[in-house]
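Novice: predicted model, plus sequence, below.
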Amino acid sequence: MSAADEVRVSFAEMESVFHNILLRHSFDVSKAALCAHIFADNSLDGVYTHGVNRFARFVKMVADKHVLPDQEPTKVSGFGGLEQWNGNLGAGPSNAVFCTERALRLADENGIGCVALANTNHWMRGGTYGWKAAKKGYAFICWTNTIANMPAWGAKDNHLGNNPLILAIPKDNEAVVLDMAISQFSFGAMEKFTMEKKPLPVPGGYDEMGQLTTDAQKVLETQRSLPIGFWKGSGLSLLLDLLATVLSGGKSTFQITEQKIESAVSQVFIAIRLTSLNNSNAIKSVIDSIIADYHSSAPASPFNKILYPSERVLATRKNNTEKGIPVNKRVWDEILAL
């Protein structure tokens, strides 16, 4: 994004703008504040594709009544450390925060807690919930299914979702968080490359001729994204969908796809209380030693810096706090007009 196409917006201003818009779209004060904070925080951390760049689309989902801001999750069943909840088509971010916190409480009671959520909506950045849990000292795993946007390996039509998966573990006062779609690039990332008129660094999917391409716009047009690890990513996507659907009692990727819109998705949130483990006193030193060894990797190029997942977020957060969050002018104008 060139400087001419960019504006810098402070976190406080962005959060306030989001909050006021959500209040005008039937959110109560507390839920508007929570969702506004998540969208602004995602942007502060550099995940613009699931922050500021996604906000107008979220508001449209609310206006079209695919997201029902007045709805709360309701418990369906539970035993031991496992519970099933219905999201009732409520706002995805607030539903996900609720289920994360519920999984933490179950972990406090049982050592491990699992909340499976049916009938919810897009949670935006899944890493939000990994960061939340890990900074409180828990190991955390969560994932969601999606509308079909990826072909099975060897197929030419889409029957798999790119089903984002998050794994998180505490590190000092922060966390190590892996937040990844099962496609090589998330669709939000490809939209960003298209907006900035840049090629993808590696092929991200197929063009209209069925050839792998680094042109993000062509992948968006075909909706044929490339699974990570080729056939391995294809299998992982399928199993994540199976588990999310079975554990939640909700809809699968093919059922979501039949609706023609990504809504009523299924999600799973798993928290592990690390202090319950016999080796809990040694966990911090183990994590530090593994990361130190990882950082000792010899770079393949003098321009490479070996970073663990989410490490770059810390520098981005600091830079955006000091300078303001970079936003495409067209995107910001569209938001201000909501």
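Specialist: Here it is on my side, so go on.

Novice: where does Ser77 sit: helix, strand or coil?
Specialist: strand (DSSP: H, G, I helix; E, B strand; the rest coil).

Novice: roughly how far does it sit from Asn281?
Specialist: 36 Å (C-beta to C-beta, to the nearest Å). Backbone N, C-alpha and C define where each C-beta goes, glycine included.

Novice: in this structure Val248 contacts Gln84, no?
Specialist: Just to correct that, residue 248 is Ser rather than Val. Yes: here Ser248 lies in contact with Gln84, judged by C-beta atoms under 8 Å, at a distance of 6.0 Å.

Novice: neighbour count winner among those two?
Specialist: Ser248 (24 against 18; other C-beta atoms under 10 Å).

Novice: spit out the contact partners of that one.
Specialist: Gln84, Trp85, Ala116, Leu117, Ala118, Ser266, Gln267, Val268 (C-beta atoms under 8 Å, 6 or more residues apart in numbering).

Novice: can you check Met150 too?
Specialist: Neighbour list for Met150: Asn158, Leu160, Gly161, Asn162, Ile182, Ser183, Arg224, Ser225, Leu226, Pro227, Ser234, Ser237 [criterion: C-beta under 8 Å, 6+ apart].

Novice: can you give me the neighbour number for the fourth one?
Specialist: Asn162 has 29 neighbouring residues, counting by other C-beta under 10 Å.

Novice: for Ile272, see how far away Ile283 is.
Specialist: Taking C-beta to C-beta, one finds Ile283 at 11 Å from Ile272.

Novice: so between the two, which is more surrounded?
Specialist: A side-by-side neighbour count of Ile283 and Ile272, using other C-beta under 10 Å, places Ile272 first with 21 against 16.

Novice: which non-adjacent residue is nearest the more buried one?
Specialist: Closest residue to Ile272 apart from its sequence neighbours, by C-beta to C-beta, 6 or more residues apart in numbering: Ala139 at 4.2 Å.

Novice: out of the contacts of Ser248, the closest to Phe55 would be?
Specialist: Gln267 (20.6 Å; C-beta to C-beta).

Novice: hang on, isn't that closest one packed against Thr144?
Specialist: Yes: counting by C-beta under 8 Å, Gln267 does reach Thr144; the two are 4.3 Å apart.

Novice: those two: which has the busier surroundings?
Specialist: Counted by other C-beta under 10 Å, Gln267 and Thr144 do not tie: Gln267 has more neighbours, with 29 against 26.

Novice: strand partners of the host helix or strand of that one, parallel vs antiparallel please.
Specialist: Element membership of Gln267, judged by DSSP states H and E, is strand 265-273. Using DSSP bridges, strand 265-273 pairs in its sheet with strand 112-120 (antiparallel), strand 138-144 (antiparallel).

Novice: show residues contacting the shortest one.
Specialist: For strand 138-144, the surrounding residues in contact (C-beta under 8 Å, 6+ apart) are 96, 100, 103-104, 107, 122-123, 126, 129-130, 133-134, 163-170, 240, 243-244, 265-274.
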